[in-house]
Every structure is written in C-alpha cells, then in structure tokens.
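> with the sequence up front, the predicted model follows.
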Amino acid sequence: MSLLEAFRRAIRYAAQEKASAQGFANAAAILDASGAVHLAVKYLQAALERDPNHAYSLVHLGVCYIRNGQYVEAEKVKNKSILILTVTLTNPDVQTVWIGP
C-alpha cells in the first residue's frame with residue numbers, strides 16, 4: 001500500500017468513527033497537518049454538525065479560519081469556543097478535558 005493510499009484510508013476511517021464529532025475532528029487534524037486546510041474546515045464543520053459544542057473542533061476551526069484569512073468567521077468561532085471551554089472547565093462534573101494542537 002502506498003503512503004497516499006494509507007493517508008486516504010486513515011481519513012476515511014477517522015471520519016467514519018461512529019460518525020462522531022471526534023472522528024471528523026481526527027480526520028481534520030490529518031488533513032490540516034498535510035496542508036489541506038480548506039478540506040480540514042469541511043471536516044470540522046461536519047464534526048460540529050454532530051456536536052455543536054465540540055470544543056476541540058471549535059478551536060481548531062478558528063485556527064483554520066485564521067490561516068485562510070477568514071477573520072470574521074474566526075471571531076465568531078472564538079467567542080463560542082471561549083464560552084464552551086469556560087463552562088466545561090468550571091463544571092465540577094467534568095472529569096477530563098483534552099485540548100489538542
């Protein structure tokens with residue numbers, strides 16, 4: 001199997017991971033790391049369709065918007081991600097919070 005085919009399989013697998021927000025976020029991370037920022041944005045949007053409060057996807061989407069020069073969109077996402085993270089981090093019922101790259 002070529003490296004390109006392995007990459008494509010990894011993206012397909014990540015995006016199908018129980019059709020979860022985290023699966024799409026994982027695929028977006030792979031795409032972003034490979035330089036496909038515009039495609040990563042689509043996967044992050046798909047993640048947020050599954051879970052509109054998925055903090056990792058919100059933060060990562062904001063970063064991608066900044067890279068694309070979409071500053072108005074980045075500002076909207078930043079405001080929502082700050083609200084979600086503030087509620088999450090100040091909630092004693094939340095056991096763990098993972099904020100990735």
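Arrived safely. Numbering: from 1, shown residues only.

> show me where pLDDT drops low in this structure?
Filtered on pLDDT under 70, the chain yields the residue ranges 1-4, 7, 14-19, 92-101.

> can you map out the helices along it?
3-16, 21-33, 37-50, 55-67, 71-89 (DSSP state H).

> mean neighbour count added to those, as TSV?
The way it works is simple: take the backbone N, C-alpha and C, and place the C-beta from them, glycine included. Shown next, in TSV, are the helices of the chain (neighbours: other CB atoms under 10 Å):
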stretch	mean neighbour count
helix 3-16	13
helix 21-33	22
helix 37-50	19
helix 55-67	22
helix 71-89	15
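
> so residue 50 is in contact with residue 24, correct?
Yes: using CB atoms under 8 Å, residue 50 makes contact with residue 24 at a distance of 6.8 Å.

> just confirm residue 55 contacts residue 86, I think it does.
No: counting by CB under 8 Å, residue 55 does not reach residue 86; the two are 10.2 Å apart.

> for residue 20, give me its contacts.
50-51 (CB atoms under 8 Å, 6 or more residues apart in numbering).

> hmm, 7 Å instead?
Counting by CB atoms under 7 Å, 6 or more residues apart in numbering, residue 20 touches residue 50.

> how near is it to residue 42?
Residue 20 sits 16 Å away from residue 42, taking CB to CB, to the nearest Å as the criterion.

> one more: residue 73?
13 Å.

> ditto for residue 5
Distance from residue 5 to residue 42, by CB to CB: 21 Å.

> what of residue 64?
10 Å.

> find the nearest non-adjacent residue to the residue nearest the centre of the chain, please.
Centroid-nearest residue in the chain, with CA atoms, centre = their mean: residue 57, separated by 2.8 Å. Distance criterion CB to CB, 6 or more residues apart in numbering; nearest residue to residue 57, sequence neighbours excluded, is residue 47 at 4.1 Å.

> make sure that neighbour is actually in contact with residue 25.
Yes: counting by CB atoms under 7 Å, residue 47 touches residue 25, with 4.7 Å between them.

> so what sits against both of these two?
In contact with both residue 47 and residue 25: 54, 57, using CB under 7 Å, 6+ apart.

> now do the contacts for residue 40.
Residue 40 neighbours (CB under 7 Å, 6+ apart): 28, 31-32, 64.
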